[in-house]
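Peer 1: Let's see this in three dimensions:
(2 chains, ligands or ions: 4)
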Amino acid sequence: MENPANVKKKLPTVEIDLNQCKGCALCIESCMPKVLSLSPAYNQLGYQYAVYGGNGCTGCEACYYACPEPGAIAVYKEKKVKA
Amino acid sequence: MEPSTITVKKGKPEAIYDTFERKAGKDKLTTHYCPGCGHGRVHKLVAEALSDFGLTDKTIFISPVGCSVFAYYYMNTGNVQAPHGRAPAVGTGLCRVRPDSVVISYQGDGDLAAIGTAEIIHAANRGENMMVIFVNNAIYGMTGGQMAPTTMVGQKTQTTPRGRTVMNEGHPIRMAELISGLEAPVYVERCAVTDTKNIMKTRKAIRKAVQLQAEKKGFSFIEILSACPTGWKMTPKDSIKWIQDNLEPYFKLGTIKDVSAEREPMIKPVPTNDAEAIYSALGLQKGKTKASTDRAIGEKRIKIAGFGGQGALTAGVMLANAGMNDGLHVSWIPSYGPEMRGGTANCSVVISDRRIGSPVFESPNVLIAMNGPSLDAFEADVTAGGTIIVNSSIVERKVKRSDVKVICAPLTDLAADLGIKAAANSVAIGVYLGHEKVFERERIYDVLKTSLKKKEALALNIQAVDAGYAFAQGK
Ligand SMILES: Cc1ncc(C[n+]2csc(CCOP(=O)(O)OP(=O)(O)O)c2C)c(N)n1
Ligand code: SF4
Ligand code: SF4
Ligand code: SF4
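Peer 2: Numbering: from 1, shown residues only, chains lettered A, B, ... in the order given. Ligands and ions are numbered 1, 2, ... in the order given. This is a model prediction of the structure:
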């Protein structure tokens, strides 16, 4: 994916594959903390794509479920496991 | 011990292919759906449930006709694509022959509530072990936005440019309520892929239906209100609001029926494809087909015609059944037309040593004309060198054709002589077999034995066959 650095950085986070995005903005609508926005630039498919500002994602997964595209959005977060 | 943390990813579920190899074009990662289309959301929820429950490989997903016709590009399950509206019929076959599978019939509202109304009602009524995902977007998306049975009153579509009216097109159909009115369905829910809350409710309903499937609890139906921004000519965001403001007040969300707790798992009888079992069920012996007896009879196209009550259709059934029991290929088609009233009733029988291409034919090589109008109607159709058997008891005129073999047999008189005028059709069969032995007379006796319960009638009909047979042999 485009920006794996995100994943390492700060969890929870959201990763949007810009070339799988159709710019419907439904993820943006669904995001309570309003940390997603539409890029001014266009992707390969010709859409303005959703981008994450890099801060404030709560890992709620609402954007994942809002997105009609199967692979456009992935949400990463930490999970506690018993050792 | 200290709990440690791992990073978990919520992304494309395993039940959706990594790349969409079946999809045409360069882009194999995105769907063919329009931006903001509800289908993609629903696909993801179904795929997530299958992945989470480990059922991906056990699932057969049926794509309909509609925008989701290509769902099989995406679903990493078993896939079948059904003709328009027929997914529940295809699903019936699938869940009967593969009772261990999870069968999902995925359908739009044009597919399910218009052209496929009969299929869905009867599959639900039989309580087939399948789950139906009914994506209701109140329009025909694929074909460019025509009215569906679920289109709202007042909604403008290609085919209701001034808006749907109750007067002209009736009320929108509430399919979930209709289905829940039937006895068999176990779980019926209506949800909406709108805001997060409702998407999560949809998720829950789909997961429940998948689980009921895995438990073989019968028929579940999940109706999902879903956006079609293109068909509605709205932005994706406005489409969501339009569902909330317009669809939800009419199509009430929630559980409409749930008797899953009371229902026992149920598996319908599994049909066999074991050749031996099929042969024995049909009373046939394997290998005892025509081919093995080397009796080449060619293809007999027999037209039997008479007025109603003469038993022309019954004679056809008897011939076909006897031929079938003899191991030949047979077909029988009655013709019911306006001519039934007083004119001729007729049927077409094919008895052949080869597979039959069509049970319908234009040129018989055998015509049994039990009355005058039948001879008038079909004489010209008989192939040159063919046979015409005429009931000379009541047909007054002569056969005009000179290029066919003509047998004038007093069918009605021969039957009347036995005291059973109604058996003229049995006489006719006897005459035919006496003329052309496609199989032994005993085959007809056997058929008569299964159809005639009264001993007397049976004996007389056998005599009638014999009388006709003797007449033809004496010729
Ligand atoms: C036998 C037959 N009749 C008509 C059509 C044309 N047709 C294709 S899709 C469709 C309606 C689809 O609407 P819906 O089921 O609501 O699915 P959507 O595209 O909205 O998802 C029709 C009428 C067809 N393909 N086959
Ligand atoms: S996971 Fe939740 S908070 Fe994070 S971007 Fe998506 S919707 Fe926003
Ligand atoms: S919901 Fe998906 S397709 Fe729509 S803008 Fe967001 S990432 Fe792009
Ligand atoms: S026409 Fe409507 S249903 Fe079809 S893909 Fe586009 S938005 Fe989806």
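
Peer 1: Could you confirm whether any residue of stretch B:196-211 contacts chain A?
Peer 2: Yes - legend: contact between stretch B:196-211 and chain A by CB under 8 Å from any CB of the partner chain is shown at B:Thr196, B:Ile199, B:Met200, B:Arg203. Using the backbone N, CA and C atoms, a C-beta is placed for each residue, glycine as well.

Peer 1: Could you see whether ligand 2 lies near that stretch?
Peer 2: No - figure legend: stretch B:196-211 not in contact with ligand 2 (CB under 6 Å from any ligand atom); closest approach 8.2 Å.

Peer 1: Would you mind listing the buried residues in that stretch?
Peer 2: For stretch B:196-211, burial by neighbour count (16 or more other CB atoms under 10 Å in any protein chain shown) applies to B:196, B:198-199, B:201-203, B:205-211.

Peer 1: Stretch A:71-83 too?
Peer 2: Residues of stretch A:71-83 classed as buried by neighbour count (16+ other CB under 10 Å): A:Gly71, A:Ala72, A:Ile73, A:Ala74, A:Val75, A:Tyr76, A:Lys77.

Peer 1: and those residues near ligand 3, which?
Peer 2: Taking CB under 6 Å from any ligand atom as the test, ligand 3 is in contact with A:Ala72, A:Ile73 out of those.

Peer 1: which helices and strands sit right next to the helix or strand containing B:Val427?
Peer 2: Using DSSP states H and E, B:Val427 sits within helix B:424-435. For helix B:424-435, the elements it packs on are strand B:299-306, helix B:312-325, strand B:366-369, strand B:387-391, strand B:405-409, helix B:411-417, helix B:441-451, helix B:455-474, judged by 3 or more CB pairs under 8 Å, 6 or more residues apart in numbering or on different chains; DSSP states H and E.

Peer 1: let's see 7 Å
Peer 2: helix B:312-325, strand B:366-369, strand B:387-391, strand B:405-409, helix B:411-417, helix B:455-474 (3 or more CB pairs under 7 Å, 6 or more residues apart in numbering or on different chains; DSSP states H and E).

Peer 1: So B:Pro265 sits against B:Ala214, correct?
Peer 2: No - counting by CB atoms under 7 Å, B:Pro265 does not reach B:Ala214; the two are 9.8 Å apart.

Peer 1: Adjacent strands (with direction) for the longest strand belonging to chain A?
Peer 2: Under DSSP state E, the strand in chain A containing the largest number of residues is strand A:73-81. Strands adjacent to strand A:73-81 in the sheet, as given by DSSP bridges, are strand A:13-16 (antiparallel), strand B:4-10 (antiparallel).

Peer 1: Establish whether that strand and ligand 2 are in contact.
Peer 2: Yes - judged by CB under 6 Å from any ligand atom, strand A:73-81 comes into contact with ligand 2 at A:Val75.

Peer 1: picking up where we left off before, and which of the buried residues of stretch B:196-211 is nearest to B:Thr117?
Peer 2: Of all the buried residues of stretch B:196-211, B:Ala209 has the smallest distance to B:Thr117: 21.1 Å, by CB to CB.

Peer 1: Can you name the residues that contact the closest one?
Peer 2: Residues near B:Ala209 by CB atoms under 7 Å, 6 or more residues apart in numbering or on different chains: B:Met131, B:Tyr187, B:Ser220, B:Ile222.

Peer 1: So which residues make contact with the longest strand of chain A?
Peer 2: A:7, A:11-16, A:27, A:59, A:61, A:63-64, A:67, B:3-11.

Peer 1: that older thread, want to throw the buried residues of stretch B:196-211 into CSV with distance to B:Val330 and secondary structure?
Peer 2: Listed next are the buried residues of stretch B:196-211 as CSV, based on distance: CB to CB, whole Å; DSSP: H, G, I helix; E, B strand; the rest coil:
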residue, distance to B:Val330, secondary structure
B:Thr196, 63, helix
B:Asn198, 58, helix
B:Ile199, 57, helix
B:Lys201, 56, helix
B:Thr202, 52, helix
B:Arg203, 54, helix
B:Ala205, 50, helix
B:Ile206, 48, helix
B:Arg207, 51, helix
B:Lys208, 50, helix
B:Ala209, 45, helix
B:Val210, 46, helix
B:Gln211, 48, helix
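
Peer 1: could you dump those to CSV with distance to B:Arg22 and pLDDT?
Peer 2: Shown next, in CSV, are the buried residues of stretch B:196-211 (distance: CB to CB, whole Å; pLDDT from 0 to 100):
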residue, distance to B:Arg22, pLDDT
B:Thr196, 31, 98
B:Asn198, 31, 98
B:Ile199, 27, 98
B:Lys201, 31, 98
B:Thr202, 26, 98
B:Arg203, 26, 98
B:Ala205, 28, 98
B:Ile206, 24, 98
B:Arg207, 27, 98
B:Lys208, 30, 98
B:Ala209, 26, 98
B:Val210, 24, 98
B:Gln211, 29, 97
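
Peer 1: quick one: which helix or strand includes the nearest residue to B:Lys252 once chain neighbours are set aside?
Peer 2: Distances taken as CB to CB, 6 or more residues apart in numbering or on different chains place B:Arg190 nearest to B:Lys252, at 6.8 Å, with adjacent residues excluded. Using DSSP H and E, B:Arg190 sits in strand B:187-192.

Peer 1: How far away from the center of its chain is that strand?
Peer 2: Centroid displacement of strand B:187-192 relative to its chain, using CA atoms, centre = their mean, to the nearest Å, is 27 Å.
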